[in-house]
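S.K.: Below are the sequence and a predicted model; questions follow.
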Amino acid sequence: MIDVALLGAGNRARKYLEYIIAHPDEARLVAVVEPNRLRRESVARKCQLPADALFESSDDFFARGHIADAVIIATPDKYHYPQAMSAIQCGYHILLEKPIAQTVEEAEQIKLAADRAGVIVNVCYVLHFHPYFVKLRELVNSGRYGQIVSISHSAPVGIDRAGHVYVRGIWNRSEAQGPLLTSKCCHDLDFLVWLTDSRCRALSSFGTLRWFTRKNAPAGSAERCIDCKTETTCPFSAIDLYRNRHAWISNFDVPNGMTINDAIEEQLANGPYGRCVYHCDNDVVDRQVVAMEMESGVTIDLTVDVFTTSNRRVTKISMTNAEIIGDEHAITIRKFRPRATETYDFSETIDAPYHAGADLETVSNFLTAIRQGRDNSHTGIAHALESQRLCDAIEQSRLSHSSK
């Protein structure tokens with residue numbers, strides 16, 4: 001039995017918690033740390049935690065010393081480094097939500113401290129356990145299609161996610177939570193490193209905040225969507241997103257005596273999610289491109305696409321004997337000789353809960369590493385550091401170009 005403490009009780013944390021609830025013979029939750037009272041008490045009720053297992057701050061939790069075997073850190077990005085370092089000092093194994101930290105220096109310090117303390121740190125790069133991405137890598141490594149020459153990878157953010165998370169939401173400021181590419185696409189960079197089994201030796205990146213600014217606000221717009229004269233035709237309307245379509249509302253807190261509809265109306269009237277996308281305090285980019293050359297000679301282009309309704313990654317892998325194209329719904333292989341096509345269908349798994357089970361498998365893999373007393377995982381911090389290094393180098397390149 002592995003005792004686990006949960007730091008953060010937001011959407012991602014609740015996904016990982018489901019594995020512990022479903023496998024009471026493997027692990028149990030013994031504490032939750034969450035400043036939001038509603039979320040803290042919700043987890044307490046679900047897992048039948050006593051009052052002394054609930055903590056409003058991580059400082060109070062860590063002051064108690066070693067009261068569990070492991071922690072799951074699923075807090076906002078800016079807390080990852082201090083909380084991970086405190087957890088290591090207390091002797092906890094760590095399952096750490098991506099990204100590792102806000103800078104590569106912080107990430108490297110976490111690894112160094114973990115190595116010295118002899119604790120395991122796994123990073124929640126769930127694509128490593130997603131059936132579609134696992135199959136894509138298996139096909140590339142099969143040897144049947146030759147060697148990789150180049151990869152073109154698109155990481156769509158989508159206008160709904162962008163408006164909710166990166167314009168109105170808490171990830172809208174680079175200084176507070178890091179750049180868009182780090183917070184959203186470190187998954188993709190990690191996957192590309194894993195897919196090519198190679199480090200990057202040269203890169204260049206371009207990207208700016210072009211559209212979601214006050215100068216682009218249409219005539220008649222207002223600070224809030226409920227007061228806006230152009231709301232009925234605006235593609236970024238909070239009223240349409242939350243009230244009409246009930247999309248992206250899973251993180252809205254619903255106090256006792258209120259319904260989710262009440263919570264939506266409160267956000268539209270007074271909360272950050274009711275703001276006009278042209279009148280927010282955001283500064284993260286809304287488009288970005290990256291070009292990379294790997295040490296293996298493989299070239300990669302990565303596009304971060306906000307202005308789309310899709311949220312499905314598209315990957316085109318050019319190989320010496322075939323091309324492999326995947327869009328998360330299917331993988332298609334077009335062989336050069338003989339001219340033949342193979343297709344693998346993932347349409348039934350793409351919308352399966354918990355990222356097609358990858359969220360749950362991430363927790364299972366972490367618990368297995370603890371039980372075995374060693375971490376040979378491809379989601380261990382030693383592997384994950386490369387994507388963190390890439391994120392930092394890409395942002396430095398972007399800033400150098402945008403300042404010219």
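M.R.: Now that the structure is in, tell me what you want to look at. Everything numeric here is computed off the predicted structure, so don't read it as measured data. Numbering: from 1, shown residues only.
S.K.: same for the helix or strand bottoming out on mean pLDDT in the chain, what does it pack against?
M.R.: Least confident helix or strand of the chain, by mean pLDDT, DSSP states H and E, is helix 174-177 with a mean of 87. Using 3 or more C-beta pairs under 8 Å, 6 or more residues apart in numbering; DSSP states H and E, no helix or strand is in contact with helix 174-177. (Glycine included, C-beta is placed from N, CA and C.)
S.K.: Tell me how far it lies from the chain's centre.
M.R.: 15 Å (C-alpha atoms, centre = their mean, to the nearest Å).
S.K.: buried sites along that helix?
M.R.: 174, 177 (16 or more other C-beta atoms under 10 Å).
S.K.: How is the chain divided into domains?
M.R.: 2-119, 128-212+282-358+385-402, 214-274 (automatic domain parsing).
S.K.: With respect to residue 375, which of the ones you listed lies nearest?
M.R.: Residue 375 lies closest to domain 2-119 among those, at 8.9 Å (C-beta to C-beta).
S.K.: could you pull out the strands for the chain?
M.R.: 2-7, 27-33, 54-55, 70-73, 93-96, 121-123, 148-156, 200-208, 287-294, 299-305, 314-319, 322-326, 330-335, 340-345 (DSSP state E).
S.K.: Show residues contacting the second one.
M.R.: By C-beta atoms under 8 Å, 6 or more residues apart in numbering, the surrounding residues in contact with strand 27-33 are 1-9, 17, 19-21, 40, 43-44, 47, 49, 53-58, 60-61, 67-68, 367.
S.K.: Filter these down to the ones in helices?
M.R.: Secondary structure from DSSP state H places 17, 19-21, 40, 43-44, 47, 58, 60-61, 367 of the contacts of strand 27-33 in helices.
S.K.: quick one: which of those is nearest to residue 162?
M.R.: residue 17 (27.1 Å).
S.K.: Surely residue 252 touches residue 264?
M.R.: Yes - using C-beta atoms under 8 Å, residue 252 makes contact with residue 264 at a distance of 6.6 Å.
S.K.: so what's in contact with these two at the same time?
M.R.: Counting by C-beta under 8 Å, 6+ apart, the residues touching both residue 252 and residue 264 are residue 242.
S.K.: and the two? which has more neighbours close in?
M.R.: residue 264 (23 against 15; other C-beta atoms under 10 Å).
S.K.: mind checking pLDDT for the spatially closest residue to the more buried one that is not a sequence neighbour?
M.R.: Distances taken as C-beta to C-beta, 6 or more residues apart in numbering place residue 242 nearest to residue 264, at 4.8 Å, with adjacent residues excluded. At residue 242, the pLDDT value in this model is 98.
S.K.: check contacts around residue 242.
M.R.: If you count contacts by C-beta under 8 Å, 6+ apart, then residue 242 has 248-249, 252, 264, 267-268, 273 around it.
S.K.: Of all pairs in the residues you listed, which one spans the longest distance?
M.R.: Among the contacts of residue 242, 248 and 268 lie farthest apart (C-beta to C-beta), at 13.0 Å.
S.K.: Measure how buried residue 92 is and give me the count.
M.R.: So residue 92, with other C-beta under 10 Å, has 27 neighbours.
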